[in-house]
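Enquirer: Return atomic coordinates for the entry below.
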Amino acid sequence: MLPQPGRFALQTRSHLCIPFFMALNIEFFRPIIDFKNQMDEMIALLKRSPLAVGRDEILVAGEKEFLYEKFNHVHGVPLVKPIVDD
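Expert: Residues are numbered from 1 along each chain as shown. Prediction:
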């Protein structure tokens, strides 16, 4: 029996999709420096891929948030006028 759709479930016409998260200790499988070097190479390869129409760059997971945090650290967190007025 399939679980009932809830807060984290996505019901589509053909199936029920529920997110799954897992954390692994990479060092159980290989030296961490080797893993990091391979990830750096894979990200560099990805960023050299052709861009989609209308896009300036390719971002990897978490990169946009990292850039926002870096900007906010230097310039402060931007405040939206309606929020400030409230």
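Enquirer: which residues does the residue most central in space within the chain contact?
Expert: Centroid-nearest residue in the chain, with CA atoms, centre = their mean: A61, separated by 2.8 Å. By CB atoms under 8 Å, 6 or more residues apart in numbering, no residues touch A61. C-betas here are computed from N, CA, C, even on glycine.
Enquirer: doesn't it fall inside a strand?
Expert: No: read with DSSP: H, G, I helix; E, B strand; the rest coil, A61 is coil and lies in no strand.
Enquirer: Roughly how far does it sit from N37?
Expert: 19 Å (CB to CB, to the nearest Å).
Enquirer: Show me how far the helix ranked longest in the chain is from its chain's centre.
Expert: The single longest helix within the chain, with elements called by DSSP state H, is helix 32-47. Remark: helix 32-47 is offset 16 Å from the chain centroid, using CA atoms, centre = their mean, to the nearest Å.
Enquirer: Phi, psi for C17 please.
Expert: Here is the backbone geometry of C17 (degrees, to the nearest 10): phi -120, psi 120.
Enquirer: Which residues does it form beta bridges with?
Expert: Judged by DSSP bridges, the bridge partners of C17 are L10.
Enquirer: Numbering from 571 from now on, please.
Expert: Yes, from this point I'll number from 571; that puts the last item at C587.
Enquirer: what's around it, how many residues?
Expert: The local packing of C587 (other CB atoms under 10 Å) involves 12 other residues.
Enquirer: Likewise for I613?
Expert: By the criterion of other CB under 10 Å, I613 has 13 neighbours.
Enquirer: residues touching it, list them.
Expert: Contact analysis of I613 by CB under 8 Å, 6+ apart lists V630.
Enquirer: Which secondary structure element of the protein has the lowest mean pLDDT?
Expert: Lowest by mean pLDDT, DSSP states H and E among the helices and strands of the chain is strand 580-581, with a mean of 56.
Enquirer: Kind regards, and thank you for your time.
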